[in-house]
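Peer 1: coords please:
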Amino acid sequence: MLKIELSTLQFHSFHGVHEEETKTGGNFEVDLVVFFEPETMPVKHLHETIDYTRLYTIVKQRMEKPTRLLETLVTEIADKIMSEFSAVDEISVAIKKLNPPIPFFNGSVSVEYKTKRKS
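Peer 2: Residues are numbered from 1 along each chain as shown. Alright, predicted model coming up:
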């Protein structure tokens with residue numbers, strides 16, 4: 001099984017339940033991991049693998065669409081990737097909101113979603 005990982009993808013997006021988040025936005029980091037079993041080993045051609053530039057495009061396009069909950073984002077990103085790439089067996093999507101608007105809070109919050117393809 002192969003693993004493709006996109007780490008610490010950075011976005012300025014307008015996700016959140018607070019009005020200021022939808023107006024000024026905030027900074028987010030996304031981590032994506034996909035596992036798949038290639039039809040041939042070793043993999044020598046792009047069509048034999050999962051194109052990580054396409055994975056990035058899917059994440060980027062979804063991060064550009066304002067959404068109230070991170071839980072919605074992680075599941076929708078995972079579902080889109082699973083539907084587009086039938087070879088993906090497992091996926092993990094984590095989104096970290098840097099500096100959330102919580103009084104007296106110094107840190108970040110994150111949501112992660114892991115799923116496996118149903119046989």
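
Peer 1: all contacts plus neighbour counts: C-alpha atoms, from now on.
Peer 2: OK.

Peer 1: Run a quick neighbour tally on residue 14.
Peer 2: Using other C-alpha atoms under 10 Å, residue 14 is surrounded by 22 other residues.

Peer 1: Do a quick rundown of the strands in the protein.
Peer 2: 2-13, 26-36, 88-98, 108-116 (DSSP state E).

Peer 1: Grab the most central residue of the chain for me.
Peer 2: residue 93 (4.3 Å; C-alpha atoms, centre = their mean).

Peer 1: now that one: how far from residue 65?
Peer 2: 17 Å (C-alpha to C-alpha, to the nearest Å).

Peer 1: nearest spatial neighbour of the residue nearest to the centre of the chain, skipping sequence neighbours?
Peer 2: residue 32 (4.7 Å; C-alpha to C-alpha, 6 or more residues apart in numbering).

Peer 1: ok, now which ones touch that neighbour?
Peer 2: 5-7, 91-94 (C-alpha atoms under 8 Å, 6 or more residues apart in numbering).
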